[in-house]
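Asker: for reference, the sequence and a predicted model appear below.
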Amino acid sequence: MRHRPAREPRPVRRRRELLGFATAGLFAYAADLALFMWLRGPAGLDPLTAKALSFVAGCTVAYAGNALGTYRHARVRGPRPYAVFLAVNLAGAAVQLLCLAVSHYGLGLTSQRADTVSGAVVGMALATGVRFWGTRTLVFRNGGTTRSWTG
């Protein structure tokens with residue numbers, strides 16, 4: 001008879017998931033921020049183009065980190081998990097771009113520092129909530145059931 005390891009208690013699983021998601025997110029954030037600052041500064045791109053390009057790099061790093069790390073044992077939902085992940089991250093990016101656009105064009109805060117704070121700090125913080133929910137609910141699932149915060 002085969003021995004099955006005991007399941008971890010729910011709070012331990014949640015902490016592991018949050019830690020894994022945060023770790024993948026930190027690497028993605030670093031890639032996004034570094035590329036955004038380079039594109040906005042030395043490369044001389046406008047803030048929205050720079051943010052859009054840095055987003056793609058960050059999204060790819062986040063997917064790899066979550067698929068190979070945090071959710072490596074989970075089943076993916078649907079035949080195209082990266083496409084769903086990209087859609088979830090586009091929703092997060094829309095939040096980031098809105099923060100950047102309001103700050104830069106609406107409030108007239110046009111310095112590189114203001115663009116960085118609004119797009120890569122405030123926008124990223126708000127978008128993280130959207131991304132966490134979407135990643136765990138729409139992209140990855142465990143044991144045939146969708147992962148939920150309470151389950």
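Answerer: Good, I have the coordinates.
Asker: next, the buried residues of the longest helix belonging to the chain.
Answerer: Longest helix in the chain, counting residues (DSSP state H): helix 10-40. Using 16 or more other Cβ atoms under 10 Å as the burial criterion, the residues of helix 10-40 that qualify are 17, 20-21, 24-25, 27-29, 31-33, 35-37, 39-40. C-beta: built from backbone N, CA, C; applies to glycine.
Asker: what helices or strands is it leaning on?
Answerer: On a contact count with 3 or more Cβ pairs under 8 Å, 6 or more residues apart in numbering; DSSP states H and E, helix 10-40 meets helix 47-65, helix 112-116, helix 123-134.
Asker: just the mean pLDDT for the first one, thanks.
Answerer: Mean per-residue pLDDT for helix 47-65: 91.
Asker: how near is the most centrally placed residue in the chain to Y105?
Answerer: The chain has R131 as the residue nearest its centroid, 5.1 Å off, counting by Cα atoms, centre = their mean. Taking Cβ to Cβ, to the nearest Å as the measure, R131 falls 24 Å from Y105.
Asker: still on that earlier bit, what sits closest to the residue nearest to the centre of the chain if chain neighbours are left out?
Answerer: Spatially, and ignoring its direct neighbours in sequence, R131 is nearest to G92 (4.4 Å; Cβ to Cβ, 6 or more residues apart in numbering).
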